[in-house]
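In: only the shape, not the letters, is given here:
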């Protein structure tokens, strides 16, 4: 009987270790891309609260940029974020779109992957097929997906557009944890100086996880 109990315990411990390794998945790095105003607002009524054409181009450029032209990036988002994208612009072109939803009957194009959770999405991307195809993994909203990603051991960088104005919003970005610090932008395609569009000033900032 003792042998059986010990054997069961060994199996349980081994299973737990596998789960811990799966939950961490430390070799898959996540980056966040977000634009938020002074009150950390990111959306209202399912839409962007501002019209900043150059900032949208920045989002597209950052989340599609790859070093290896044979690869592309993945964009992970919640259901509301996906359906908040104008219909003619979704799925986000040039990226593997992954939508997080527990709905079994979510109506999305065939090329869009639906996962029930962020860990499941990472498990999909950890498969050999996608390791060969995907270069960077981007988290693009909304609140709960951003929050879970920032708290994950996998999170590497936050590309943050700081909009210098308070704007009415009903969707928000979580506070950036103390585990991140602002660092100089190391991408020549991203201007470091203050930008202005339609009377709204904004600046591109970069945060990186400390002690990686």
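Out: Here it is on my side, so go on. All values reported here derive from a predicted model rather than from experimental measurement. Numbers count the residues shown, from 1 in each chain.
In: check contacts around the residue nearest the centre of the chain.
Out: By Cα atoms, centre = their mean, the mean C-alpha position of the chain lies nearest to residue 139, the distance being 0.7 Å. Contacts of residue 139 were listed using Cβ atoms under 8 Å, 6 or more residues apart in numbering, and they are 30-33, 76-77, 145-146, 149. Where you see a C-beta, it was placed from the backbone N, CA and C, and this is true even at glycine.
In: among those residues, which ones are in strands?
Out: Counted as lying in strands by DSSP state E, out of the contacts of residue 139, are 30-33, 76-77.
In: that older thread, grab the nearest non-local neighbour of the residue nearest to the centre of the chain.
Out: residue 149 (4.3 Å; Cβ to Cβ, 6 or more residues apart in numbering).
In: from residue 97, how far off is that neighbour?
Out: 16 Å (Cβ to Cβ, to the nearest Å).
In: how about residue 153?
Out: From residue 153 to residue 97 the distance is 24 Å (Cβ to Cβ).
In: and the two? Which one has more around it.
Out: Shown here are residue 153 and residue 97; by other Cβ atoms under 10 Å, residue 97 has more neighbours (21 against 12).
In: tell me what the more buried one is bridged to.
Out: Applying DSSP bridges to residue 97 gives these bridge partners: residue 75.
In: ok, now which ones touch it?
Out: 74-75, 77, 82, 90-91, 108, 111-113.
In: any idea which of the residues you listed is the one closest to residue 53?
Out: Nearest to residue 53 out of the contacts of residue 97 is residue 90 (Cβ to Cβ; 18.0 Å).
In: ok, that closest one - how many residues close by?
Out: Other residues close to residue 90 by other Cβ under 10 Å number 18.
In: and if you look at residue 94?
Out: For residue 94, using other Cβ under 10 Å, the count is 13.
In: what's the spacing between it and residue 75?
Out: 9 Å.
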